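Novice: no sequence on this one, just coordinates:
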């Protein structure tokens, strides 16, 4: 059985992952390796170049997903705070 995390818990976990120095190191090394391999390919190595391009895009999408969890929580929290303030003003 898997416990469903709240939006806040997901955002906090995503931030922990993005702040983890080991994770950052692995991401940077992976990105550098992809770019180095891509730069070493010949222009006619279309399949290899496309594969490397998509590997880089997948890495970017993973990071975007983590950042989106954080951003969504910030927006949600901001809306809650505004709603609370409106309730207090009345």
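Specialist: Yep, it's here. Quantities reported herein were computed from a predicted structural model and do not represent experimental measurements.

Novice: The longest helix anywhere in the chain packs against which elements?
Specialist: Of all segments of type helix in the chain, defined using DSSP state H, the longest is helix 46-89. Contact analysis of helix 46-89 by 3 or more CB pairs under 8 Å, 6 or more residues apart in numbering; DSSP states H and E lists helix 7-19, helix 21-40 as its packing neighbours. (C-beta placed from N, C-alpha, C; glycine too.)

Novice: possible to save those helices as JSON lines with mean pLDDT?
Specialist: As requested, the helices and strands packed on helix 46-89 are exported to JSON lines (pLDDT from 0 to 100):
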{"stretch": "helix 7-19", "mean pLDDT": "96"}
{"stretch": "helix 21-40", "mean pLDDT": "97"}
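
Novice: Nearest to residue 64 among those would be which one?
Specialist: Residue 64 lies closest, by CB to CB, to one member of the helices and strands packed on helix 46-89: helix 7-19, at 10.9 Å.

Novice: Is it possible to get CSV of the helices and strands packed on helix 46-89 that adds distance to residue 84 and mean neighbour count?
Specialist: What follows is the helices and strands packed on helix 46-89, written out as CSV (distance: least, CB to CB, whole Å; neighbours: other CB atoms under 10 Å):
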stretch, distance to residue 84, mean neighbour count
helix 7-19, 16, 15
helix 21-40, 34, 12
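
Novice: Put together CSV for these, with distance to residue 52 on each row.
Specialist: What follows is the helices and strands packed on helix 46-89, written out as CSV (distance: least, CB to CB, whole Å):
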stretch, distance to residue 52
helix 7-19, 24
helix 21-40, 4
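
Novice: List just the one of those that sits closest to residue 71.
Specialist: Each of these was scored for nearness to residue 71 using CB to CB, and the closest is helix 7-19 (8.4 Å).

Novice: who touches the closest one?
Specialist: The contact list for helix 7-19 (CB atoms under 8 Å, 6 or more residues apart in numbering) reads 5, 23-24, 63, 66-67, 69-70, 72-74, 76-77.
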